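> Please work out how this folds:
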Amino acid sequence: MAFSMENIVVYIALFHLSIVIAEIPTCQLFGSPNLAPDPKADSPALPNIPPARLPKPCQAPEPEAGSPALPPIPPADSPSEESRGRVFDVTEYGAVADGEKESSSAFLAAWKAACNYAGNATFLIPEGTFFLGPISFHGPCFNNWSPNIEIRGTLLAPGSLDAFPSSAWIAFRNLYGINLTGSGTGEARIDGKGEVEAWKKSSCQKSINCNRLVASLYFFEVSHATISNITLANSKGFHLNIYVSDNIDVYNLNISAPPDSPNTDGVHIGESSSITIASSTIGVGDDCVSIGPGSINISVSGIQCGPGHGISIGSLGKYKNEKDVIGIKIQNCTINGTQNGVRVKTWPGSPPGRASNITFQDISVINVSNPIIIDQDYCPSSSCDKSKPSMVELTDILIKNITGTYNTKSAVSLLCSSMVPCQNIHLMDIKLNYTGPDLGRLALGHLSVRGDVEGLKILNSKF
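As a prediction, the model looks like this:
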């Protein structure tokens, strides 16, 4: 069916007999000038979450509409001599910048000296190409304060998965106050060499029993850190994985992998709080940013995303006893040529869980396939039991000022659980134009709804 209003134009395709769409008052549907409420009053009542520490370059400039070009990362400023303190150069401990000699022992020796130094210290990777096997930089360091990490050269990973005993290539564990940055005249580049072997293995998108996914950078139990001015490329799995950590600012990253490289998320966050991801260019084979279970107070802004699968919350509900997701804000991003725009995804047959207080706002999409999607039937492998609904509760989701173009049948897809309704989903100022092949008006379902929805409001939108 279709209906048209003064402030809203929406086409609806209904695919499920048990659909419930609740509370779209008449005054909102027909745009009465006397009865229509102030849009501010219709925003979801969301609890206040303290803001995360904002990085120095707050957000990227707004791109020109329809422009697919992604801006370059600005050059890094070199740290001052005073802040650098004593420099621990890995080449002084035996590392060789020839791209062939494995240098993890030299890196660890330099790290141990820097970590134990009683004063300001900088762990320096100078210009050149270093072949580096799996390595873990452990804390705590002297006086529980980590040395700065300054990368000026290129790090190359082993190509073979057999070289990795765990799911991380370069790990930082149990550290406080770490500052990881690229500086100098050269490109600080971390190349995971996923094309050698990892991408050719059975993908987790196709099999639940996939090969181990090796993250290029892994932060575990790290607090009060910054990660900036780094290029991450061709990871075997996630490019940057932040897990069980807090108060981390990430900005000015350039992350890239081919669009067909499996499971190469740009940044993944799990069981972490007060994380800021800002002012970065990410084009990969999976989600540009994915926010997993246990994420609280996460801010994502100024991201140039594409290619990839968009920016996602989830997947959620794959495992038992997953922690709730609370207080996610994604804003001022451009998503170009991706499989999805903004997405929330949960597994069918999942144990109980909850995600709430989520905002997607001020986002431009360019020629994406699914600009706005809530998918509670997410099943990338063939092993899901789709006969059982997801039990992850989604509530208080504000989707505001999403504009641009899309190329599939549905601009907005709300595929909710039939057992645990999506609650308080508010769509405001959505302006999306279909640019795909002419399928005829009746073949297009600009709003697709399945499952149960309670408290759906659509204001001042056209799609």
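
> looking at it, residue 187 is touching residue 154, isn't it?
Yes: if you go by C-beta atoms under 8 Å, residue 187 and residue 154 touch, sitting 7.1 Å apart. No exception for glycine: its C-beta is placed from N, CA and C like everyone else's.

> The two: which has the busier surroundings?
Between residue 187 and residue 154, counted using other C-beta atoms under 10 Å, residue 154 has the larger neighbour count: 22 against 17.

> Starting from residue 251, give me the distance back to residue 147.
Look at residue 147 and residue 251: by C-beta to C-beta, to the nearest Å, they are 20 Å apart.

> Quick one: residues contacting residue 334.
With contact set as C-beta atoms under 8 Å, 6 or more residues apart in numbering, residue 334 has these partners: 63, 303, 304, 305, 306, 363, 364, 365, 366.

> and what of residue 190?
With contacts defined as C-beta under 8 Å, 6+ apart, residue 190 is in contact with 151, 154, 155, 170, 216, 217, 230, 231, 232, 233.

> ok, residue 147 and residue 251, which is more surrounded?
residue 147 (31 against 23).

> Now for that one: which residues touch it?
85, 88, 111, 114, 115, 117, 120, 121, 122, 123, 141, 178.

> Export those residues as CSV, with columns for pLDDT, neighbour count and distance to residue 345.
Below are these laid out as CSV (pLDDT from 0 to 100; neighbours: other C-beta atoms under 10 Å; distance: C-beta to C-beta, whole Å):
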residue, pLDDT, neighbour count, distance to residue 345
85, 92, 16, 45
88, 98, 20, 43
111, 98, 23, 38
114, 98, 25, 41
115, 98, 20, 39
117, 98, 18, 45
120, 96, 15, 44
121, 97, 23, 42
122, 98, 21, 41
123, 98, 24, 38
141, 98, 22, 38
178, 97, 23, 31
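
> Out of these, list just those in strands.
88, 121, 122, 123 (DSSP state E).

> Excluding chain neighbours, what is closest to the first one?
Put plainly, it is residue 88. Excluding the flanking residues, the one nearest residue 88 by C-beta to C-beta, 6 or more residues apart in numbering is residue 114, at 4.0 Å.

> any low-confidence regions in the stretch 201-350 of the chain?
For the stretch 201-350 of the chain, applying pLDDT under 70 flags the ranges 202-211.

> if we can go back for a sec, give me the buried subset of the contacts of residue 190.
151, 154, 155, 170, 216, 217, 230, 231, 232, 233 (16 or more other C-beta atoms under 10 Å).

> So in terms of bridging, what pairs with the second one?
It stands for residue 154. Beta bridges link residue 154 to residue 129, residue 189, judged by DSSP bridges.

> Per-residue confidence at it, what does it come out as?
Residue 154 carries a pLDDT value of 97.

> for it, what are its contacts?
By C-beta under 8 Å, 6+ apart, residue 154 lies in contact with 99, 128, 129, 130, 186, 187, 188, 189, 190, 191.

> what does the third one give?
Under the criterion of C-beta under 8 Å, 6+ apart, the contact list for residue 155 reads 125, 130, 132, 170, 189, 190, 191.

> Nice, that's everything, thank you.
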